[in-house]
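**Q** dropping a prediction and its sequence here:
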Amino acid sequence: MHSDPRRVRDRLTRFVEESLRDAVQLRTAELDISGWAVPGEPVRFDDARRQAFEPFAVGTCWGKPWGTHWLRVRGTVPADWILDSRRRAEIAIDLGFDRTAPGFQAEALAFRSDGTIIKGVSPRNSHVPVDAGGSIDVFLELAANPRIQPESHWVTTGLGDKATAGEEELYRLRRLELVLIDREIWELLQDIDVVRGLAEQLPSENPRTAQLWAALDRMLDAADPDAVAATATSARAALAPVLAARSAPSAHTLVATGHAHIDSAWLWPVRETVRKTARTFSNVVALMDEHPDFRFACSSAQQLAWIKESHPDLFARIREKVASGQFVPVGGQWVEPDTNMPGGESTVRQLVHGKRFFLQEFGVETTEVWLPDTFGYSASLPQLIRLSGSDWFMTQKISWNQTNAMPHHTFWWEGIDGTRVFTHFPPIETYNAELSPAELAHAQRTYRDHGAGTVSLAPFGWGDGGGGPTREMIAAAHRQADLDGSPRVRLGTPREFYDRARTERDNDLPVWSGEMYLELHRGTLTSQLRTKQGNRRVERLLREAELWATTAAITADHPYPYDALERIWQRTLLLQFHDILPGSSISWVHREAEADYERLSEELDRIVGEALRAVAGDGPRRLLANSAPVALAGVAAGALGEAPSRNPPPATIHPEAGGWVLDNGEVRVVVDADGLLRSVRGASGRDAIAPGERAALLRLHRDVPDKWDAWDIDRHYRHSAVDLATVERITASVRDGVAVVEATRRFGASVAVETIALAPGEAAVDITLDVEWRERHKLLKLVFPLDVHADRSTSEIQFGHLDRPTHANTSWDEARFEFVAHRWLRVAEEGYGVAIANDSTFGHSVSRDTRSDGGTTTWVGLSVLRAPTFPDPQSDQGRHTLRFALRPEASLADAAAEGHRLDRSLREAVGGRAITPLVRSADPAVRIETIKLAEDRSGDLVVRLYESSGGRRSTVVATDAVVEHVQVVDLLERPLVGAAPIDGQPDRVTLTLRPFQVVTLRYRRP
């Protein structure tokens, strides 16, 4: 007998779709439905239950965009329904679902009549179990989340904000009834899915392939389409032998961990994420009750904090599952953040607040950092991961690289200081796996380390918009646990994967050094400028607030604002989520983020002001408070100093050759008639600007990404550029001693006022852009052609800096055509460097070419503004102000000083006394990043410092605080394992730091 796979495939498809799927439901019964439409924002269960519910029928339309509708469902299981080990009753629901993925359309949460949660409802998990006893009284909270599909990529929609989403109801209730399920038929359907899926993946000439198709053929003979229930057991028996055949000894193993990568905001607002977490986590704990071997990894402390606040009954169930080892906290961060743009201390606090929450609420020490979907990974992370007490790192997104595939799936990742952390990115190449045979086969084919490793991780479950694992996924895992032709699947925890992978490969892991640059989503360094400016501003204010509040607490017995700072930090950390700070969310999200930043800034300003008044006391003296880790304007780092009594002479300006010369004795600047920099010379007289070129030039590019509108800047943007050199109006003057040239440029529907200013005594020329931005799908760059033969650029990142080639020798170099820098970037040759600082710009590009005179022009571009239209059609429209500084003859320390100057780290104060810094480092290259009181509220003093130059440094750290003891601690302020005791007086500590090392000191106070 010959079994033709094509014939079997067609026969099988017809049987499944025509007979089998519907046969799972043996009988149905109507339910009594009533409803209430919430007139505004969502309400809690207790408020909803008190409302007047009106009759509601299947077929009724419901749900204005972002609206909520409550249904009450009542009924009784028919007396003639037999419920036993084979038959169960459940409520079947179709809210108006389409066939796309869960999380991007209507959802619901089911409650019992006492307000306790049953589970969530979504397109692939649309049932609600019926409690024993036969009586049904269930409340459903329906969420009319609009269908904003991520695959739209660039299709403009107004659905991302209630103000523009319209009033039309989006959904029609298609089904809400009681059904009697035949479990044996359901199990047959799961058998078929695995056997057919495996047969489709194996080579046609493989004997196992023929065996699988033949088994399916026999199953079809055994199953009677007219009597599926009666023949389901015999049909399953026909498939049993092929499902019992075991994997080959060499088969790859996947540790399958349930997961739901729920974006804390993206194509929905934060308030909806709070509800998504409840739906997903309730699904998870319900599955755990049915499947004791099922494990689920949850990575964001913020999401569990929401559950604790909004649904304490569900939180209590989660606590029980954590204690049983089924619900597994992972990651140890407050949210899954962007890692390119947050500052160093923010990166630390993600770990501090995340790990502390898991420890305090569950007694669990997380051992990994879990970032499946973040858009690139800072080279500072390995050291911070290890300093937090974690062992390893997991990501998935790096598999999205457009040009180059990472050479390994399991490796050591080495950071800028030399710290290495065990790293894995799963070869299944998705964090939303269903554990289908196709996905498992892909993981085995893709895995690059078969020669030395046998195991990888497989996170499974609906994510992004939530939903999590389903019973079908767990059934697939069970069937493929040890199945011939398939990789082995073991339900387990991330730690179980780590322990096995580390054991088998501890001594021969390859090493990846430096940043893990994502060759995609480069536009997220620029999109939604106001969000990025808000983050930069609040990060600086938090540094100020902690410094001055600590100084006030220790020197003036001023109350330390523990509660306020904790709340502000946690909101700031949420806003650094990898779809908020990168600018890739709907307009609702960014509108709220901008309002949050304003509110947080005002509160932090009050905290700083009160602390400085306590420190300075009463009096008329004009003071400058320097919160930067470097000296500014003659005021030491961390000091409250006297304002300079001697002012340098004013800068001068005079016409020359159709332009102007600006001079302050430190820098001589030539500005041409178009308001552009022709020449910038420092004390040596060498010109920073390349011959024949003009700097501070605005260049407008067409910016139409191939796919992801708010996310991507594609390389072809460089093929279309217009230099915005024409001026509508230009003026030159001296204002309060500052030489100023102001040029107005009009282009498209936009206007830019570009101001070049040279202040008295400053070693840098300042550039300010005031832009009324009304473009669409354009990229605005600020360009500097520099007369520097630079083979690399140096950019500030968290707790250090990173060098990147300016050439494109390799495909890796060429793909890095847009990259991140924090407050400054420097290009240099031996003996000469130029720094460009910014106050809110992250996207940079650097390239070089050779001139006809044989010299080299290094081109530095700063990405100022973009104008994508998806997911926010009004992204970045309106007025923006940005500041930059160009400093010739700049060292790395000079570059940092300019960055902090633009960061507004100096603050004026009035009082009765100046004070020296509370804590000081003798070597200015060892910078004090943070001064605060301990997280445990003991009153201990905590100081975080780092080596900034890239070299080994020794320093003396001194404090004027009265202290009894000092020790090196980890980021959670616990004694650092392996750290040597500190000898000598605790108020004067000698330290030697390796390049870019971060050290945290904890001082015990009496």
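**A** All right, it came through fine.
**Q** residues contacting residue 28?
**A** Applying C-beta atoms under 8 Å, 6 or more residues apart in numbering to residue 28 gives the contacts 92, 177, 178, 179, 180. For every residue, glycine as well, the C-beta is placed using N, CA and C.
**Q** for residue 679, same thing?
**A** So residue 679 contacts 668, 669, 670, 687, 689 (C-beta under 8 Å, 6+ apart).
**Q** would you agree the last one is in contact with residue 787?
**A** Yes - look at residue 689 against residue 787 with C-beta atoms under 8 Å: they come within range, at 6.3 Å.
**Q** comparing these two, which shows the higher neighbour count?
**A** residue 689 (25 against 22; other C-beta atoms under 10 Å).
**Q** which strand residues bridge the more buried one?
**A** residue 786 (DSSP bridges).
**Q** roughly how far does it sit from residue 680?
**A** 6 Å (C-beta to C-beta, to the nearest Å).
**Q** cool, and residue 199?
**A** Counting by C-beta to C-beta - residue 199 and residue 680 are separated by 69 Å.
**Q** and if you look at residue 694?
**A** Counting by C-beta to C-beta, the gap from residue 694 to residue 680 is 11 Å.
**Q** when those two are compared, which one has more neighbours?
**A** residue 680 (29 against 21).
**Q** please give me every residue in contact with that one.
**A** Contacts of residue 680 (C-beta under 8 Å, 6+ apart): 667, 668, 669, 670, 687, 688, 689, 695, 765, 886, 888.
**Q** what about 6 Å?
**A** Residue 680 sits next to 669, 688, 689, 765, 888 when contact means C-beta atoms under 6 Å, 6 or more residues apart in numbering.
**Q** quick check, it in a strand?
**A** Yes - note on residue 680: a strand contains this position according to DSSP: H, G, I helix; E, B strand; the rest coil.
**Q** please report the distance of it from residue 791.
**A** Distance from residue 680 to residue 791, by C-beta to C-beta: 22 Å.
**Q** do the same with residue 556
**A** For residue 556 relative to residue 791 (C-beta to C-beta), the value is 51 Å.
**Q** before we move on, what about residue 854?
**A** On the measure of C-beta to C-beta, residue 854 and residue 791 end up 16 Å apart.
**Q** who has more neighbours out of these two?
**A** residue 791 (14 against 6).
**Q** can you list phi and psi of the closest residue to that one other than its chain neighbours for me?
**A** Leaving aside its sequence neighbours, residue 791 sits nearest to residue 806 (C-beta to C-beta, 6 or more residues apart in numbering; 6.1 Å). With angles defined as degrees, to the nearest 10, residue 806 sits at phi -90, psi -10.
**Q** before we move on, what about residue 829?
**A** phi -120, psi 180.
**Q** and the pLDDT at the most centrally placed residue in the chain?
**A** For the chain, the residue nearest the mean C-alpha position is residue 578 (2.2 Å; C-alpha atoms, centre = their mean). At residue 578, the model reports a pLDDT of 98.
**Q** and what of residue 643?
**A** Looking at residue 643, the pLDDT reads 81.
**Q** among the contacts of residue 679, name the ones in strands.
**A** Judged by DSSP state E, these include 668, 669, 670 as members of strands.
**Q** and which of those is nearest residue 264?
**A** For the ones in strands among the contacts of residue 679, the residue nearest residue 264 by C-beta to C-beta is residue 669; the value is 45.6 Å.
**Q** neighbours around the closest one, how many?
**A** With other C-beta under 10 Å as criterion, residue 669 counts 26.
**Q** roughly how far apart are it and residue 648?
**A** In terms of C-beta to C-beta, residue 669 sits 16 Å off from residue 648.
**Q** show the contacting residues for residue 119.
**A** Here residue 119 is in contact with 110, 282, 283, 286 (C-beta under 6 Å, 6+ apart).
**Q** narrow those residues to those that are buried.
**A** 110, 282, 283, 286 (16 or more other C-beta atoms under 10 Å).
**Q** how many other residues sit next to the residue nearest to residue 197 when sequence neighbours are not counted?
**A** Closest residue to residue 197 apart from its sequence neighbours, by C-beta to C-beta, 6+ apart: residue 437 at 3.4 Å. Residues lying near residue 437 (other C-beta under 10 Å) number 24.
**Q** just give me the neighbour total for residue 511.
**A** Around residue 511 there are 11 residues (other C-beta under 10 Å).
**Q** please name the bridge partners of it.
**A** Beta-bridge partners of residue 511, as defined by DSSP bridges: residue 412.
**Q** isn't it right next to residue 412, touching?
**A** Yes - here residue 511 reaches residue 412: they are 4.6 Å apart, a contact under C-beta atoms under 6 Å.
**Q** look at residue 281 and give its secondary structure.
**A** Going by three-state DSSP: residue 281 is helix.
**Q** so, low pLDDT: which residues of the stretch 251-400 of the chain?
**A** Across the stretch 251-400 of the chain, nothing is flagged by pLDDT under 70.
**Q** hang on, residue 833 is in a helix, isn't it?
**A** No - counting by three-state DSSP, one finds residue 833 to be strand, located in no helix.
**Q** with that, I have no additional questions.
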